[in-house]
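K.L.:
predicted coordinates and the sequence they were generated for:
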Amino acid sequence: MTDIIFEKSIKGMQGVALTDESLDTGFIRSEFLRKEPPVLPEMSELEVMRHFKELSDKNFCVETGFYPLGSCTMKYNPKVNEYLASLEGFTALHPLQSDDDVQGALELMYNLQEALKEITGMDAITLQGSAGAHGELCGMMIVKHYFATKGDSKRTKVIIPDSAHGTNPASAGMCGFEIIKVKSNEKGLVDVEHLKEIFEQNESQIAAIMMTNPNTLGLFEEAILEISKIAHKNGSLLYYDGANLNAVMGITNPKVMGFDIVHLNLHKTFAAPHGGGGPGAGPVGVVEELKEYLPVPVIGLKDGKYFRNYNLKNTIGKIKEFQGNFGVLVKAYAYILMRGNTLKEASCDAVLNANYLKEKLKEDYELPYDYPCMHEFVLSGDRQKACGVHTLEIAKRLMDSKFHPPTVYFPLIVSEAMMIEPTESENKARLDGFIDAMKKIAQEVKENPSEVLSAPHNTPVKRVDETNAARHLDLRYRKE
Ligand SMILES: Cc1ncc(COP(=O)(O)O)c(C=O)c1O
């Protein structure tokens, strides 16, 4: 373990010396001044640099190695995006400046709205959402308000597939909807017969179906047009969880599939960092009929001037202060411009990489849904479990080979699930390295399971007591 910076402090050591002027506190009222100097670590500049370098070396990121965290699209985030988002012309703006003052920023957001309209096929976009789940919440609020303004109070239920991400039922539940689970069939797709039964039993009480396509098994919902027909025939709306858009950009879009509301994860598909790396953005797109329900402001253009439009007749109000996470919007816009017509290639390569891994790994691991996949696929560790090794241990062992583990134990409908999403960023050599590591683990499980059960061996922190950490989280530092 690394000592924390206070433990490395040596009395009298100094880094940058502050000038007398910078220490001038004359302008602060005396009651606000400290009585005692703060307890700060005393270190030289070099020791500070070493401390933070040591910490950063312990971190794992896409630049460290392969990061196939399924459903998270951990693609490479081009550094030019960071550079552009850090330009003073963007960072020095204040969101309360007038429209006249910030025409450039408004133009960028307007253009991003237009690009996302093109990519999704939707008729209007809000950029306010700050995460995928936040976009879902916004979408569900729109559904609720839409039926309320039509005077239809009977639509209190939302249908969600059993393979869905947990945020889907959570978002719908937060809006007061009752959740009805629709089963997956033997191909891992929505069971259309079951869906029809649900509609028959609940007649005009269904407000919406929330779907992810490709779904969380990485499979394309082939019956999506039929599902859309069923929903619309009953007056329900169809909601698209766009977390998996990286599989279909430029090939098809949610509008073509019959969706009415879409959220996107700019921090996945459009290469803005996420996880520990930064805030996200979850824009929401809607069809013409729902345009007036978006949160305000949306960015408009009139007589050559960009403006924040607060004037939407049925708006759900605000879901986030100002216009959303502006820095993330800049990064995503930079990525879209840089990719241009090659957005489609990103999706094609992501799908190719996933199918390559799937075909190679299904020899050693159970593949419960053995069909061509989209940008990700889900293996089961059931074969290894029969030898006493669980998926969690396989994930830990992978870390010894400097690979980030895949998403594990999700989706819930696959036992001992390992959800693998390579993204388009990886080359064949890197994929082959991952295949070798996974095959080696499968071999170890058969021949020397203790090596896997005791993993990880090479990481700064070994096994942690996850149950204890979850139940009795204690992150306080206690000075000796
Ligand atoms: C399918 C799916 N939907 C929704 C979300 C929620 O997105 P966010 O983490 O940005 O809130 C995720 C996140 O992993 C996801 O995979």
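P.N.:
Received the coordinates, thanks.
K.L.:
can you give me the strands in the stretch 251-400 of the chain?
P.N.:
Shown for the stretch 251-400 of the chain, the strands assigned by DSSP state E, counting those that start in this stretch span residues 261-264, 284-286, 298-302, 305-309, 377-380.
K.L.:
among those, which comes closest to the ligand?
P.N.:
Taking C-beta to the nearest ligand atom as the criterion, strand 261-264 is the member of the strands of the stretch 251-400 of the chain that comes nearest to the ligand, at 7.9 Å. Placement of C-beta: from N, CA and C, glycine included.
K.L.:
what lies in contact with the closest one?
P.N.:
Applying C-beta atoms under 8 Å, 6 or more residues apart in numbering, the set of residues contacting strand 261-264 from outside is 116, 120, 122, 129, 132, 135-136, 138-139, 142-143, 208, 237-242, 245, 254, 270, 282-287, 290.
K.L.:
just to revisit the earlier point, the strands of the stretch 251-400 of the chain: which one's closest to V461?
P.N.:
strand 377-380 (25.8 Å; C-beta to C-beta).
K.L.:
which positions in the protein make contact with the ligand?
P.N.:
Counting by C-beta under 6 Å from any ligand atom, the residues of the chain lying close to the ligand are 71-72, 131-133, 165, 167, 212, 216, 241, 243, 265, 280, 282.
K.L.:
which of these fall in helices?
P.N.:
In helices, defined here by DSSP state H, the members of the residues of the chain next to the ligand are G132, A133, T167.
K.L.:
isn't K344 right next to T252, touching?
P.N.:
No - at 10.2 Å, K344 and T252 do not qualify as touching, with contact defined as C-beta atoms under 8 Å.
K.L.:
mind giving me JSON lines with the strands of the stretch 251-400 of the chain and columns for distance to T2, mean pLDDT and mean neighbour count?
P.N.:
Shown next, in JSON lines, are the strands of the stretch 251-400 of the chain (distance: least, C-beta to C-beta, whole Å; pLDDT from 0 to 100; neighbours: other C-beta atoms under 10 Å):
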{"stretch": "strand 261-264", "distance to T2": "38", "mean pLDDT": "98", "mean neighbour count": "29"}
{"stretch": "strand 284-286", "distance to T2": "42", "mean pLDDT": "98", "mean neighbour count": "29"}
{"stretch": "strand 298-302", "distance to T2": "45", "mean pLDDT": "98", "mean neighbour count": "17"}
{"stretch": "strand 305-309", "distance to T2": "46", "mean pLDDT": "98", "mean neighbour count": "17"}
{"stretch": "strand 377-380", "distance to T2": "35", "mean pLDDT": "98", "mean neighbour count": "26"}
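K.L.:
quickly find the element holding K196.
P.N.:
Secondary structure from DSSP states H and E places K196 in helix 192-202.
K.L.:
so which other helices or strands are in contact with that helix?
P.N.:
strand 157-161, strand 178-182, strand 206-212, helix 224-233 (3 or more C-beta pairs under 8 Å, 6 or more residues apart in numbering; DSSP states H and E).
K.L.:
the second one: partners in the sheet, and parallel or antiparallel?
P.N.:
Looking back up the chat, that one is strand 178-182. Listed by DSSP bridges, the sheet partners of strand 178-182 and their directions read strand 157-161 (parallel).
K.L.:
got the angle for the partner strand vs helix 224-233?
P.N.:
170 degrees (axes from the mean of the first three to the mean of the last three C-alpha atoms, to 10 degrees).
K.L.:
can you pull out the low-pLDDT segments for the stretch 251-400 of the chain?
P.N.:
276-278 (pLDDT under 70).
K.L.:
in it, which spans are helices?
P.N.:
Counting by DSSP state H, counting those that start in this stretch, the stretch 251-400 of the chain has helices at residues 254-257, 326-339, 343-361, 382-385, 391-400.
K.L.:
need the ones you listed in a markdown table with mean neighbour count, can you?
P.N.:
Below are the helices of the stretch 251-400 of the chain laid out as a markdown table (neighbours: other C-beta atoms under 10 Å):
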| stretch | mean neighbour count |
| --- | --- |
| helix 254-257 | 20 |
| helix 326-339 | 21 |
| helix 343-361 | 20 |
| helix 382-385 | 18 |
| helix 391-400 | 21 |
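K.L.:
could you dump those into a markdown table with distance to G317 added?
P.N.:
Formatted as a markdown table, the entries for the helices of the stretch 251-400 of the chain read as follows, by distance: least, C-beta to C-beta, whole Å:
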| stretch | distance to G317 |
| --- | --- |
| helix 254-257 | 24 |
| helix 326-339 | 20 |
| helix 343-361 | 32 |
| helix 382-385 | 48 |
| helix 391-400 | 42 |
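K.L.:
can you list the domains in this protein?
P.N.:
Domain assignment for the chain, taken from automatic domain parsing, gives 5-58, 81-341, 343-469.
K.L.:
distance between the last one and the chain's centre?
P.N.:
Computed by C-alpha atoms, centre = their mean, to the nearest Å, the separation of domain 343-469 from the middle of its chain amounts to 20 Å.
K.L.:
show me what residue of the chain gets nearest to the ligand.
P.N.:
Distance from the ligand to each residue of the chain (C-beta to the nearest ligand atom) is smallest for G132, at 2.3 Å.
K.L.:
which residues touch that residue?
P.N.:
G132 makes contact with T167, D241, G242, A243, H263, L264, N265, K268, G280, G282, according to C-beta under 8 Å, 6+ apart.
K.L.:
the second one against M210, yeah?
P.N.:
Yes - shown here, D241 and M210 form a contact pair, counting by C-beta under 8 Å, at 6.3 Å.
K.L.:
what residues are shared contacts of the two?
P.N.:
With contacts defined as C-beta under 8 Å, 6+ apart, the residues shared by D241 and M210 are E136, A164, N168.
K.L.:
just among those residues, which is most surrounded?
P.N.:
Going through the shared contacts of D241 and M210 with other C-beta atoms under 10 Å as the criterion, the one with the most neighbours is E136, at 29 neighbours.
K.L.:
so that one sits in a helix?
P.N.:
Yes - applying DSSP: H, G, I helix; E, B strand; the rest coil, one finds E136 inside a helix.
K.L.:
and it, what's its pLDDT?
P.N.:
Listed pLDDT for E136 reads 98.
K.L.:
and H94, that's in a strand?
P.N.:
No - according to three-state DSSP, H94 belongs to no strand; its state is coil.
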